[in-house]
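> after the sequence you'll find the predicted model.
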Amino acid sequence: MKRLFLLQILIKVLLIVNFMFVILFAPFIIALKIMGKIPFKIDDEPLVELNVWFIFMILLFYTGCCFFTYAIYLFRKTLLLISEKIIFDDRVVKILNNTGRYLLAAAALWIIPSLVAEAYADGPKIGLAFNGFNTGMLVVSISVFFMVLSEIMRIAITIKAENDLTL
């Protein structure tokens, strides 16, 4: 259970950092809309004017961050249930499935704006590239893992119930 305690601490820190980012980024988006320009450079090029699409892409990214933070919160709830020795329970299955769904939504909201921005800047292109751990694909993989894990837990609950009936 030492590893579970360590995982709980790491998830708690991640949740606090993400929650602070979500809270602090909202006023930044509002300030961008009011100011009408970005006060710093992106890729060594200053942006003079913000258009509606740029604000929309930032809002999509921000929504993805909110979904990711909520998924981390749900995973923390799962860890708390496991630490209380509540493992084969429908609550754990439901929370794990919802964690996977919110992570998948967050990944989609992170991947789509970057693809649209890249297509808008460079034009559509087809190709394969390996950039190490692609954050979007990693989050998609982890989200599918959580959904598969919830299905495995559901099967385990059914087998446990059948086993309890035979005793």
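Received, thanks.

> tell me which stretches of this structure form strands.
Assigned by DSSP state E, the strands in the chain fall at 41-42, 45-46.

> what about Gly100, neighbour count?
By the criterion of other Cβ atoms under 10 Å, Gly100 has 23 neighbours. Every residue, glycine included, has its C-beta placed from N, CA and C.

> ignore the last one, Thr99
26.

> what is the burial count for the nearest residue to it once chain neighbours are set aside?
Closest residue in space to Thr99, ignoring its immediate chain neighbours: Leu74 at 4.4 Å, by Cβ to Cβ, 6 or more residues apart in numbering. Around Leu74 there are 21 other residues, counting by other Cβ under 10 Å.

> show me what contacts Leu74?
By Cβ atoms under 8 Å, 6 or more residues apart in numbering, Leu74 lies in contact with Ile95, Asn98, Thr99, Tyr102.

> just these now: which is nearest Ser83?
For these, the residue nearest Ser83 by Cβ to Cβ is Ile95; the value is 13.6 Å.

> the closest one contacts Leu81, correct?
Yes. Using Cβ atoms under 8 Å, Ile95 is in contact with Leu81, at 7.4 Å.

> out of the two, which sits in the more crowded spot?
Per other Cβ under 10 Å, whichever of Ile95 and Leu81 has more neighbours is Ile95, with 23 against 15.

> before we move on, the earlier item: what distance do you get for the residue nearest to Thr99 to Asn163?
29 Å (Cβ to Cβ, to the nearest Å).
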